[in-house]
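Undergrad: predicted coordinates and the sequence they were generated for:
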Amino acid sequence: MTLTRLVVNGSPVDVETAGLRSLADVLRRDLGLTATKVACGRGECGACTVLVGGRPRMACTTPAALVTEEVWTSEGLAEESADLRARFADTGAFQCGFCTPGQVVHAVALLRAGRTGPEQVRAALSGNICRCTGYQAIVESVCRTAEERAAAEPRP
Ligand code: FES
Ligand code: FES
């Protein structure tokens, strides 16, 4: 048995990581965090995107045993992303929704970093493959969220 201590969504947890189990597998099977989707399973689609140390990471190709920084999944980011998810719903930014948790997690990192120009967003999310939509509504959702957050900030 090979145990690795992870910190996931703010809580420490010891998980079995023998055999280079992927972070996605641990999150889904052991921790029940099934918002982390596995589509391609080989680092090509971004459906499994989580934040590791605040940076987007594809959990399907990340060995859980090698993770030393804090992990945040879509579930743990639910509060922070509530407005963003509402914009996804308003704009029709998803159809089947399989790519959506990964898109939202990645977009949380973009919003934190202020990388929210339309072209920046489109380029950054190009690795989060959506087979249903044309991306326009996804990009619009992120940009609108950034604008609304900026407008809500108190002015000096
Ligand atoms: S499922 Fe991880 S990149 Fe596709
Ligand atoms: S909404 Fe279906 S893959 Fe993106």
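TA: Perfect, thanks for sending it. Ligands and ions are numbered 1, 2, ... in the order given.
Undergrad: low-confidence stretches in the protein?
TA: In the predicted model of the chain, no residue satisfies pLDDT under 70.
Undergrad: who in it is up against ligand 1?
TA: Residues of the chain lying near ligand 1 by Cβ under 6 Å from any ligand atom: 38-41, 43-48, 58, 60. C-beta coordinates here come from the backbone N, C-alpha and C atoms, glycine included.
Undergrad: let's see it at 8 Å
TA: 24, 37-49, 58-61, 102, 129 (Cβ under 8 Å from any ligand atom).
Undergrad: report the buried members of those residues.
TA: 24, 37-39, 45-49, 58-60, 102, 129 (16 or more other Cβ atoms under 10 Å).
Undergrad: in this structure, which helix is the longest?
TA: helix 136-152 (DSSP state H).
Undergrad: show me what that one is packed up against.
TA: Judged by 3 or more Cβ pairs under 8 Å, 6 or more residues apart in numbering; DSSP states H and E, helix 136-152 is in contact with helix 82-91, helix 100-113, helix 118-124.
Undergrad: find the nearest non-adjacent residue to the residue nearest the centre of the chain, please.
TA: For the chain, the residue nearest the mean C-alpha position is V105 (2.2 Å; Cα atoms, centre = their mean). Ranked by Cβ to Cβ, 6 or more residues apart in numbering and with sequence neighbours excluded, the top spatial neighbour of V105 is T49, at 4.8 Å.
Undergrad: which strand residues bridge that neighbour?
TA: T49 forms beta bridges with M58, as assigned by DSSP bridges.
Undergrad: list the residues that contact it.
TA: 36, 56-59, 101-103, 105-106, 128 (Cβ atoms under 8 Å, 6 or more residues apart in numbering).
Undergrad: check F94 too.
TA: With contact taken as Cβ under 8 Å, 6+ apart, F94 is in contact with 88, 100, 103, 130, 132-133, 138.
Undergrad: got the residues of this protein near ligand 2?
TA: Within the chain, the residues that sit near ligand 2 (Cβ under 8 Å from any ligand atom) are 47, 93-100, 103, 129-133.
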